[in-house]
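Peer 1: make a model of this:
(2 chains)
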Protein chains: 2
Amino acid sequence: MIYMDNGATSYPKPPEVAETLIDAMANYCANPGRSGHFMAARTAHEIYKTRLAIAYLFHIDDAGQIIFTKNCTEGLNIALQGILKEGDHVITSSMEHNSVVRPLHMLKAKGVDTHFVQCDASGCIDPAKIKEAINDKTRMIVITAASNVTGTKMPLAEIGRIALRNGILFLVDAAQGAGHMDLDVKKNHIDILAAPGHKGLLGPQGTGFLYIRKGIETTPLMMGGTGSYSDQAQQPADFPEGYEAGTVNAPGIIALGAAIRMINKIGVDVIEEYERRLTEKLQKGLESIPQVVLYGPQDTHEKTAVIAMNIADLDCEEVAGILNDSYGIAVRAGFHCSGMAHKTIGTENRGCVRICPGFYTGEKDIESVIAAVKRIAAEDAR
Amino acid sequence: MIYMDNGATSYPKPPEVAETLIDAMANYCANPGRSGHFMAARTAHEIYKTRLAIAYLFHIDDAGQIIFTKNCTEGLNIALQGILKEGDHVITSSMEHNSVVRPLHMLKAKGVDTHFVQCDASGCIDPAKIKEAINDKTRMIVITAASNVTGTKMPLAEIGRIALRNGILFLVDAAQGAGHMDLDVKKNHIDILAAPGHKGLLGPQGTGFLYIRKGIETTPLMMGGTGSYSDQAQQPADFPEGYEAGTVNAPGIIALGAAIRMINKIGVDVIEEYERRLTEKLQKGLESIPQVVLYGPQDTHEKTAVIAMNIADLDCEEVAGILNDSYGIAVRAGFHCSGMAHKTIGTENRGCVRICPGFYTGEKDIESVIAAVKRIAAEDAR
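Peer 2: Down below sits the predicted model:
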């Protein structure tokens, strides 16, 4: 298959991911932070190395503030449900994924008020509108680093400055950003960052993390064994273990570390530029097909490796079906768990086809996709 | 190493676990339930096979009622936080793990009242005491299948009948029971069952599940993308996807399926008897050492493969340290995230050494452990 669904999960993974995972499982993987024996200690050490790799990539000073989660959604839920209280006001955008929209919707019933800043038809946000929406109850700004529908990059540094100047927490959903673009938490004034391990970070599914800047008070979402204060019925608030109740996905986290160390070695800016060129080639190729409608920014510098498109009046699921069945090309059609984003770009009634190249996509793959879309469009026009 | 820490996580895993995991990651693992392409469909199909394997093992009629979680703790939190409401009364035991004790402690602040039935010094519970504790607010009985400190098996069928007759929900924490004993949800009248994938079920860490009988109303703990009703801000209540927001640990779940299919082939009763014999041999061997103090039931039919012990007045951490450093034996000392259980068995001030044989433990390993404890005890006595 020509895999163009990297926005859902990256495939394939770097060889060192499977190697590290198998090595851990075969040779030492015990329960970290519980027992004191060699295997448990080695497991804890390897997990710590992943924390350090994450800290390096995102310019996080204190690796102990990184909580491992099963996916990005868990991180976002800990941050939103754990920090926001009755009476709080939150500002977010109309391009957010349901992993932000749905927790905020639930929090409405608990007295948390959300303001959705309307983005333009390309998914771009005007930071001035965020500034205008601030009131004396505003506790947090939550923004995706890049849209999962159109790839639109958000002006994080600018939004971060607004948050900083107004004493508001800045939470970034890095589901589509992590591993695809530079996400320096200091430069962008990011207080809280949630990311999946299995997308741009090239790790296995079942991994993710949440960084919370030191000093921000958070209530854990889950309570349970932490390997500490066993006689205490109250969940400990210590970072990170108070937020990692139960056994963590040790082999997954260790394998994620191998992937991130590879990214750190290559440089995320190099990956970003490589993926941008692929996206540029794909976008130019699709633009040349008259029946193709493209959504999102035209300038590939303003987006990650995500192409959102439709072909004339063809049903997007049908197009994805033909790409799969006749061309062996894997894409994702529909609404991408982001109904609000589709409304913003005007596709709330039809959805779109999302084509996401990735780290292992080659130029030839891009050419195949363009050729396939061209044929589908031509056959439809007949 | 001689690995005797299977109560924390099982090691090694069956070869098919790593093989299945690597095959999934290398050959097809995409994001299930999102896209429609071959790889996503294959991933969804393989995950469904794991649901079926779980359903078979636990005699669950509707595999769609099985929610995948990252560990047992997540399952317990979904069940406790999602079902219990202000004014509810819960009955549990004094042998519970912090994964039950801590969520219940937190729920106290939300108006959920918990009654802890005192177990005897072996960790055994008298079901009559549960019956006595029932009042008209009692919504749920929560009991571990077997104690993680002493291995004490709880009389689930009897407790299940009490729950059934009184119209009370019965939640079983199968952290130490799943894969080690028959846990037929029908025979035991279990309404809700939480289990880890990485202990007795021999799957990878980062996996677990929660079964909730059809018709029981539950609020999801996390909200986010479900691959369904994308335009809806409200989290869907559909089973299982409404409770599995975000990307699941697909390769882990698929590999867990391989492990459970192996267990189903062998028969959990065969495994139970094999582990009981190992435990019997270990218990008899340790009983013959005068300085050894053993906790929990004497009859190995009344417990899973867990031995809790101390050597004279020796510090348990020191004993575990010597076992590791001088004998290459991995055990877990301390309080095992169960302060209340240690209070019940009278070790709240010193903890104990926990020795857990498992599926891959051999008779020779047991002999090595007995010989090592004998020498440590003799050296201490000199």
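Peer 1: against which helices or strands is the host helix or strand of A:T279 packed?
Peer 2: Per DSSP states H and E: A:T279 is located in helix A:268-287. Applying 3 or more C-beta pairs under 8 Å, 6 or more residues apart in numbering or on different chains; DSSP states H and E, we find helix A:268-287 packed against strand A:292-295, strand A:307-311, helix A:363-381. To be clear about C-beta, it is placed using only N, CA and C from the backbone, and glycine gets the same treatment.
Peer 1: flag the shaky bits of chain A, pLDDT-wise.
Peer 2: Scanning chain A for pLDDT under 70 picks out no residues.
Peer 1: care to break it down by domain?
Peer 2: A:2-10+A:268-381, A:15-266 (automatic domain parsing).
Peer 1: gap between A:Q205 and A:G252?
Peer 2: 8 Å (C-beta to C-beta, to the nearest Å).
Peer 1: who touches both of the two?
Peer 2: A:197, B:249, B:252 (C-beta atoms under 8 Å, 6 or more residues apart in numbering or on different chains).
Peer 1: and the helices in the stretch 151-300 of chain A?
Peer 2: A:156-165, A:250-266, A:268-287 (DSSP state H, counting those that start in this stretch).
Peer 1: which residue is nearest the middle of chain A?
Peer 2: A:A175 (0.4 Å; C-alpha atoms, centre = their mean).
Peer 1: how about the nearest residue to that one once chain neighbours are set aside, phi and psi?
Peer 2: Excluding the flanking residues, the one nearest A:A175 by C-beta to C-beta, 6 or more residues apart in numbering or on different chains is A:C72, at 4.5 Å. The phi/psi pair for A:C72 (degrees, to the nearest 10) reads phi -70, psi -40.
Peer 1: pretty sure A:C72 contacts A:N98?
Peer 2: No - between A:C72 and A:N98 there is no contact under C-beta atoms under 8 Å: 11.7 Å.
Peer 1: looking at these two, which one has more neighbours?
Peer 2: Under the neighbour definition other C-beta atoms under 10 Å in any protein chain shown, A:C72 and A:N98 were set side by side, and A:N98 has more, 34 against 31.
Peer 1: regarding chain A, what is its longest strand?
Peer 2: strand A:138-144 (DSSP state E).
Peer 1: that one packs against which elements?
Peer 2: Strand A:138-144 sits against helix A:72-83, strand A:89-93, helix A:98-108, helix A:156-165, strand A:169-173, with contacts defined as 3+ C-beta pairs under 8 Å, 6+ apart.
Peer 1: so which of these gets nearest A:A381?
Peer 2: helix A:98-108 (35.1 Å; C-beta to C-beta).
Peer 1: related to what we said a few turns ago, ranking the helices of the stretch 151-300 of chain A by burial, who's on top?
Peer 2: Each of the helices of the stretch 151-300 of chain A was scored by mean neighbour count; the highest is helix A:250-266, a mean of 24, by mean count of other C-beta atoms under 10 Å in any protein chain shown.
Peer 1: would that helix count as contacting chain B?
Peer 2: Yes - against chain B, helix A:250-266 shows contacts by C-beta under 8 Å from any C-beta of the partner chain at A:250-252.
Peer 1: same check, this time on stretch A:361-376
Peer 2: No - under the criterion of C-beta under 8 Å from any C-beta, chain B is not reached by stretch A:361-376; the shortest gap measures 13.0 Å.
Peer 1: buried ones in that stretch?
Peer 2: Neighbour counts over stretch A:361-376 (16 or more other C-beta atoms under 10 Å in any protein chain shown) mark A:361, A:365-366, A:368-370, A:372-374, A:376 as buried.
Peer 1: may I see the helices of the stretch 151-300 of chain A arranged in TSV, with distance to B:Y327 as well?
Peer 2: TSV is the format used below for the helices of the stretch 151-300 of chain A (distance: least, C-beta to C-beta, whole Å):
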stretch	distance to B:Y327
helix A:156-165	54
helix A:250-266	24
helix A:268-287	46
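Peer 1: so for the host helix or strand of A:A40, what gets flagged as buried?
Peer 2: Taking DSSP H and E as the definition, one finds A:A40 inside helix A:38-58. Buried residues in helix A:38-58, counted by 16+ other C-beta under 10 Å: A:39-44, A:46-47, A:49-55, A:57-58.
Peer 1: what does stretch A:64-82 give?
Peer 2: A:65-82.
Peer 1: using CSV, write out the CA atom coordinates for it.
Peer 2: Written as CSV, here are the backbone C-alpha positions of stretch A:64-82 (Å, rounded to 0.1, in the frame of the first residue of the first chain):
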residue,chain,number,x,y,z
GLY,A,64,9.9,15.2,35.6
GLN,A,65,7.0,17.4,34.5
ILE,A,66,6.3,15.0,31.6
ILE,A,67,3.5,12.6,32.3
PHE,A,68,3.1,9.5,30.0
THR,A,69,-0.4,8.9,28.7
LYS,A,70,-1.9,6.3,26.4
ASN,A,71,-2.6,8.9,23.7
CYS,A,72,-2.9,12.6,23.1
THR,A,73,-6.6,12.5,24.1
GLU,A,74,-5.7,11.4,27.6
GLY,A,75,-3.3,14.2,28.0
LEU,A,76,-5.8,16.8,26.8
ASN,A,77,-8.4,15.3,29.2
ILE,A,78,-6.0,15.5,32.2
ALA,A,79,-5.2,19.1,31.3
LEU,A,80,-8.7,20.3,30.7
GLN,A,81,-10.6,18.3,33.4
GLY,A,82,-7.8,18.6,35.9
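Peer 1: tell me what the closest residue to A:E302 other than its chain neighbours is bridged to.
Peer 2: Counting by C-beta to C-beta, 6+ apart, A:K153 is the residue found nearest to A:E302 once chain neighbours are left out, at 5.7 Å. Judged by DSSP bridges, the bridge partners of A:K153 are A:A146.
Peer 1: contacts only, for the residue nearest to the centre of chain A.
Peer 2: A:72, A:97, A:99, A:144-145, A:148, A:194-196, A:199 are the contacts of A:A175 under C-beta under 8 Å, 6+ apart.
Peer 1: just A:A55 next, same as before
Peer 2: Here A:A55 is in contact with A:61-63, A:66 (C-beta under 8 Å, 6+ apart).
Peer 1: list the contacts of the residue in the stretch 51-200 of chain A that chain B sits nearest to.
Peer 2: Going by C-beta to the nearest C-beta, chain B is nearest to A:T73 of the stretch 51-200 of chain A, at 2.9 Å. Going by C-beta under 8 Å, 6+ apart, A:T73 touches A:99, A:208, B:222-225, B:245-247.
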